[in-house]
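1. Here is a sequence together with a model predicted from it:
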Amino acid sequence: MTNREQQFLEFAMNSGVLRFGEFTLKSGRVSPYFFNAGLFCTGAMLSQLAGFYATVLYENEPDDFMLFGPAYKGIVLATATATALHDQYGRNVAFAYNRKEVKDHGEGGTVVGAQLAGRVVIIDDVITAGTAISESMDIIESAGAQATAVIVALDREEIVADQDQSAITQIHERYGLPVHVIARFSTLIEYLRATPDLKQHLDALEAYRNRYGDPGAAANT
């Protein structure tokens with residue numbers, strides 16, 4: 001567990017974004033924890049969150065790139081992270097995002113912001129089924145640009161329903177892209193194991209990992 005992962009997990013818990021209990025997911029699974037990035041909903045929270053994204057990108061993407069944020073959460077993340085990259089590292093990174101519906105007036109189209117060109121990093125909060133990433137790949141390739149990486153805040157490291165791989169593993173293998181993450185589910189378990197006040201949640205998280213964990217998750221980054 002890196003210091004950054006620990007700091008991010010503490011930040012997410014203190015912000016009420018990462019919570020423990022029983023949560024029914026869209027897949028129907030009952031999860032012992034829930035990560036809701038939509039609750040990073042103040043300027044201070046968003047600034048700190050973008051700082052984590054910016055640091056991971058700065059360390060892992062030395063060559064020029066632009067950001068693409070799939071609607072809707074990716075819009076805010078791309079905007080804030082581009083700002084953080086400039087403010088913290090002096091990197092002037094262009095960004096774009098898509099609309100859910102095609103605009104038939106004004107500039108038209110589905111993409112807003114900079115023209116998609118060159119190396120593109122897709123930014124999102126989590127990857128659950130991989131649908132948003134697949135749609136983003138289609139948009140980027142149609143524009144003649146090249147997707148070179150994906151970055152998300154949390155890797156849940158769990159298999160997709162009725163399959164034997166996580167969505168991140170599938171994206172990694174299908175497109176050959178590195179997937180950068182700020183923190184991982186396995187890191188969360190390590191953190192709980194080392195934190196007496198949170199150890200009461202450890203058994204539930206380990207049982208969830210034993211049932212749904214992706215054994216190939218560690219090879220994705």
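-> That came through fine. Residues are numbered from 1 along each chain as shown.
2. Could you check the protein and say which of its helices or strands has the lowest average pLDDT?
-> strand 95-103 (a mean of 81; mean pLDDT, DSSP states H and E).
3. any idea of the mean pLDDT in the next helix or strand after that one?
-> Where DSSP states H and E defines the elements, the next helix or strand beyond strand 95-103 is strand 109-113. Mean pLDDT, strand 109-113: 87.
4. Tell me the buried residues in the host helix or strand of residue 84?
-> For residue 84, the host element (DSSP H and E) is helix 73-89. In terms of neighbour count (16 or more other CB atoms under 10 Å), helix 73-89 has its buried residues at 73-85. C-beta coordinates here come from the backbone N, C-alpha and C atoms, glycine included.
5. I'd like the distance between the residue nearest the centre of the chain and residue 56.
-> By CA atoms, centre = their mean, the mean C-alpha position of the chain lies nearest to residue 152, the distance being 1.7 Å. According to CB to CB, to the nearest Å, residue 152 stands 10 Å off from residue 56.
6. where does this protein have low pLDDT?
-> Along the chain, the parts satisfying pLDDT under 70 run over 1, 101-109, 217-221.
7. Can you name the residues that contact residue 214?
-> Applying CB atoms under 8 Å, 6 or more residues apart in numbering to residue 214 gives the contacts 157-159, 165-166, 168-169.
8. Just those: which are in strands?
-> Assigned to strands by DSSP state E, none of the contacts of residue 214 qualify.
9. which of those residues tops the neighbour count?
-> residue 168 (29 neighbours; other CB atoms under 10 Å).
10. picking up where we left off before, now the residue nearest to the centre of the chain: which helix or strand?
-> strand 146-155.
11. what is the orientation angle of that strand with helix 73-89?
-> Orientation of strand 146-155 against helix 73-89 (axes from the mean of the first three to the mean of the last three CA atoms, to 10 degrees) gives an angle of 90 degrees.
12. Sweet, I'm off.
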